[in-house]
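Q: Below are the sequence and a predicted model for it; my questions follow.
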Amino acid sequence: MFGKVARMVRHLEATGVGLPPDHAVAVDAPDAHATDALTAARRGAYAPARALLAATREKANWTLREESVRALAEIAVDDAAWLNAWQAESPDDPDALVVEAFRRIAEAWKVRTSAYAKDVAPDQFRAFLSLLNDALPVIEAAVAASPGDPVPWSAALSHCTGVQAPRDVFDDCLLHALTCGPHHLPTHLQAVQFLSAKWYGSHKEMLDYAAHAAADAPQDSPVRALEVVALTEVDIEADRRERRPRKNGGQASLGADRIDEIIATAQAYSASRPPEDRGARLIRNHLVWALNSQERWAESLDVYRSIGRYATESPWGYAGTPLQAFLHFRDHARSRLAASIPRNGTVPAPAVPLPESARPQAAQEIAYVPTSPQRASQELLLCGATVRLAPAGRWTLMEAAPSQETPGKRGRRATLLRLDGLAKVAETAFNAPQLTTLVAHCEGGGSQALTVVSKGRTAARHRWAGPGTTPSQEIAQQHAELFVAAAGSGDAREVARLLRDPGEPSELLIRTLAKLGLPPLPVGFGERSEVLAGVRGATVHQARSLWQGMKDFMSDDTDPNPPLQLDGR
């Protein structure tokens, strides 16, 4: 056991080559063509959405159309005033109708939740079915208003699943949808769900459908790898029925050869598409799920590298909060691969081109620690991190700093802590309630984030990344209250409004810090690393080995705080 742990520690850092940092990963990030429309909708204007959807319909860009309609519908579930105004002006507009159809479907499923039927309360079911019944005339109007458009039929198929429609009704809707778009991936995904054992079909029927659809699809279509999505459904249903962990999940019932064929097909499709390709995102996320179930860790990490920043809600929503589940499974694959490397072996080099998001970037993080630099340095003794500390009133600003350790001589704790940035450092070092720490992040792609670390764990993390990433009012209020409590000042309602603003991320981070009464970010933040290097009074806390850190921590010296290396002016 000790040898396996030692190998994991030795090789863990190498398994992260080519993987974007945790903070850069997003779930179902919107298409760049839709960002203006989503921003406008959140601010109550519908004209950009109307222009976007009209263009997708005219150009038959069904993939962008469905993604945009679903995102707009989710916005309208929280606030439909802009959609109501659009419909009042143009009641027969096919684009407004399809958004309204999806809004009603989303509203109904929000009431029901994604729980299994036995876990849904009777009053939830009644409300769910009532909302679906009210949605049917709108779905029919959307279908009639846009002949040849497969997107309204996606709403119809979702409706069929919810109301337990007779099989002939579902088959008729599916036929119409496929007539409009034979290789429209969302249509096939709806069919896989309906035909799965957890709904109204069986594993065999679902897999046969997926195989037939894949065989008819063009080489560059994600439908070519549809079977790997069906494979996830087999795995999830087996987990639910058996309620116990199994080495290969529900896939074992299919036979090794069949599983290998499905995975190989998905790998071939993934390899044919460039890293972070939008069309391949869903397939790659399901492929990783399958490879993890087969404990094929090196292959799994290669797919994670191709996924880059772009996680998808499915399949990770089956395992909890999608982003947290994605990162957890990715970390698990890394640790298992690291532990499997022989003592004198090396981690396999990445077998795929690295995406832009995985290229090395200067760390852009500043932590706000509510104590003096001397106290912060004392708390950091057992942490194994090299950081720069600068006084800022009642706060200490902290950033990562280059270590002066001898290459190859790094302590185990230092190696592990470097993987996750200042939030992980704060979780390890500042676990006293009075040392609740806030961390500001400047991420790749222009996004910004703010994290609060309290009592040794990350209590909240908010990320500004433009339209499509705005949290619900409830989540924003919860995070705002935690930020205000950590900062010791500010109005939670005003902070919550900033958390839900889809505007320019860097401006919103600056405004939020100001509302919380925190010192401003140092000059150069987001543009260069080590922005505290020239700040008056800045000092460097050098990483120590665990043994040396314990000796310093236990020292009976009159001054309990170790001397810091001055590097400011």
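A: Looks like it arrived, so ask away. Computed from a prediction, not measured in an experiment: that's the story for all the values here.
Q: Settle this for me: Val448 is touching His441, isn't it.
A: Not Val; residue 448 is Gln. Yes. At 6.5 Å, Gln448 counts as touching His441 under the criterion of C-beta atoms under 8 Å. For the C-beta atoms, the positions are set from N, CA and C on the backbone; glycine is no exception.
Q: just for the stretch 101-250 of the chain, where's the confidence low?
A: 239-250 (pLDDT under 70).
Q: ok, 90 please
A: 112-121, 123, 125, 198, 236-250 (pLDDT under 90).
Q: And the helices in it, which stretches?
A: Remark: helices assigned in the stretch 101-250 of the chain by DSSP state H, counting those that start in this stretch are 122-145, 151-163, 167-180, 185-195, 203-216, 226-242.
Q: Show residues contacting the longest one.
A: Spelled out, that is helix 122-145. 92-94, 97-98, 100-101, 104-105, 107-109, 111-113, 117, 120, 152-153, 155-156, 159, 162-163, 176 (C-beta atoms under 8 Å, 6 or more residues apart in numbering).
Q: Go again with 6 Å.
A: 94, 97-98, 100-101, 104-105, 107-108, 111-112, 152, 155-156, 159, 162-163 (C-beta atoms under 6 Å, 6 or more residues apart in numbering).
Q: Next up, the contacts around Glu299.
A: Going by C-beta under 6 Å, 6+ apart, the list of residues near Glu299 reads Leu291.
Q: Please renumber the chain so that the first residue is 498 from this point on.
A: With the count now opening at 498, the last piece we talked about shows up as Glu796.
Q: and the helix or strand where Ala534 lies, what does it pack onto?
A: Assigned by DSSP states H and E, Ala534 falls within helix 532-539. Helix 532-539 is packed against helix 544-555, helix 559-575, with contacts defined by 3 or more C-beta pairs under 6 Å, 6 or more residues apart in numbering; DSSP states H and E.
Q: tell me which residues in the last one are buried?
A: If you call a residue buried by 16 or more other C-beta atoms under 10 Å, then helix 559-575 has these buried ones: 559-574.
Q: hang on, the earlier thing: how far off helix 559-575 does the helix holding Ala534 point, in degrees?
A: Between helix 532-539 and helix 559-575, the angle comes out at 20 degrees (axes from the mean of the first three to the mean of the last three C-alpha atoms, to 10 degrees).
Q: Alpha carbons of helix 532-539, as PDB, please.
A: The C-alpha coordinates for helix 532-539 follow below in PDB (Å, rounded to 0.1, in the frame of the first residue of the first chain):
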ATOM      1  CA  THR A 532     -23.400  35.100 -26.300                       C
ATOM      2  CA  ASP A 533     -24.800  38.500 -27.300                       C
ATOM      3  CA  ALA A 534     -28.300  37.100 -27.500                       C
ATOM      4  CA  LEU A 535     -28.000  35.400 -24.100                       C
ATOM      5  CA  THR A 536     -26.600  38.600 -22.500                       C
ATOM      6  CA  ALA A 537     -29.400  40.700 -23.900                       C
ATOM      7  CA  ALA A 538     -32.100  38.200 -22.700                       C
ATOM      8  CA  ARG A 539     -30.700  38.300 -19.200                       C
END
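Q: Now do it: everything it contacts.
A: 527, 545-546, 549, 568-569, 572, 579, 963-965, 967, 999.
Q: continuing past the lowest-mean-pLDDT helix or strand in the chain, what's the next helix or strand?
A: Between all helices and strands in the chain, the lowest mean by mean pLDDT, DSSP states H and E belongs to helix 909-914, at a mean of 35. Helices and strands here follow DSSP H and E; after helix 909-914, the next one along the chain is helix 918-926.
Q: Contacts for that next one, please.
A: Counting by C-beta under 6 Å, 6+ apart, 862, 864, 876-877, 880, 882, 914, 934, 936, 948, 950, 953-955 sit against helix 918-926.
Q: what about that helix, distance to the chain center?
A: 21 Å (C-alpha atoms, centre = their mean, to the nearest Å).
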